[in-house]
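> sequence first, predicted model second:
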Amino acid sequence: MTEADPIEPDAGETCPHCGADMPDDADRCPRCGRSADQPVTLTPPKPLWVKALAWAILLLAVAGVVLWAIKMIRG
Ligand SMILES: [Zn+2]
């Protein structure tokens with residue numbers, strides 16, 4: 001290595017998750033705390049509004065089924 005090498009993506013020096021610089025002896029990223037050995041998750045963590053929306057849809061679905069059942073029972 002006589003010249004300054006560019007940062008190699010497979011050198012294990014950068015976090016595969018957030019791209020932060022990682023020491024060679026570090027088993028976890030100092031920025032995001034994930035292990036460098038973990039596979040990169042394809043889906044990012046869902047924000048809170050996604051969970052709220054999912055719950056709202058679920059409740060609407062349950063309410064719809066209940067209303068449908070009441071309607072069927074009453075004829
Ligand atoms: Zn990271």
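Cool, the structure landed.
> the helix or strand harbouring L53 - what's its average pLDDT?
Taking DSSP states H and E as the definition, one finds L53 inside helix 48-74. For helix 48-74, the mean pLDDT works out to 95.
> what's it packed up against?
Contact here means 3 or more CB pairs under 8 Å, 6 or more residues apart in numbering; DSSP states H and E; on that basis helix 48-74 packs against no helix or strand. Backbone N, C-alpha and C define where each C-beta goes, glycine included.
> in that helix, what's buried?
Within helix 48-74, no residue counts as buried by 16 or more other CB atoms under 10 Å.
> what parts of this structure come near the ion?
15, 17-18, 20, 29, 31-32 (CB under 5 Å from the ion).
> and stretch 65-75, C-alpha only, in CSV?
Listed next in CSV are the C-alpha coordinates belonging to stretch 65-75 (Å, rounded to 0.1, in the frame of the first residue of the first chain):
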residue,chain,number,x,y,z
VAL,A,65,-67.4,-8.0,10.4
VAL,A,66,-69.4,-7.4,13.6
LEU,A,67,-71.9,-5.1,11.8
TRP,A,68,-72.2,-7.7,9.0
ALA,A,69,-72.8,-10.5,11.6
ILE,A,70,-75.5,-8.4,13.3
LYS,A,71,-77.1,-7.6,10.0
MET,A,72,-77.1,-11.3,9.1
ILE,A,73,-78.5,-12.4,12.5
ARG,A,74,-81.3,-9.9,12.3
GLY,A,75,-82.0,-10.8,8.7
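> chain center to that stretch: distance?
39 Å (CA atoms, centre = their mean, to the nearest Å).
> try stretch 29-38
13 Å.
> contacts for it, please.
Contacts with stretch 29-38, where a contact means CB atoms under 8 Å, 6 or more residues apart in numbering, come from 12, 15-18, 20, 22-23, 26-28.
> what domains does the record give for the protein?
Domain assignment for the chain by automatic domain parsing gives 1-41, 45-75.
> sorry, back to before: out of the contacts of stretch 29-38, which are buried?
Using 16+ other CB under 10 Å, the buried ones in these are 15-17, 22.
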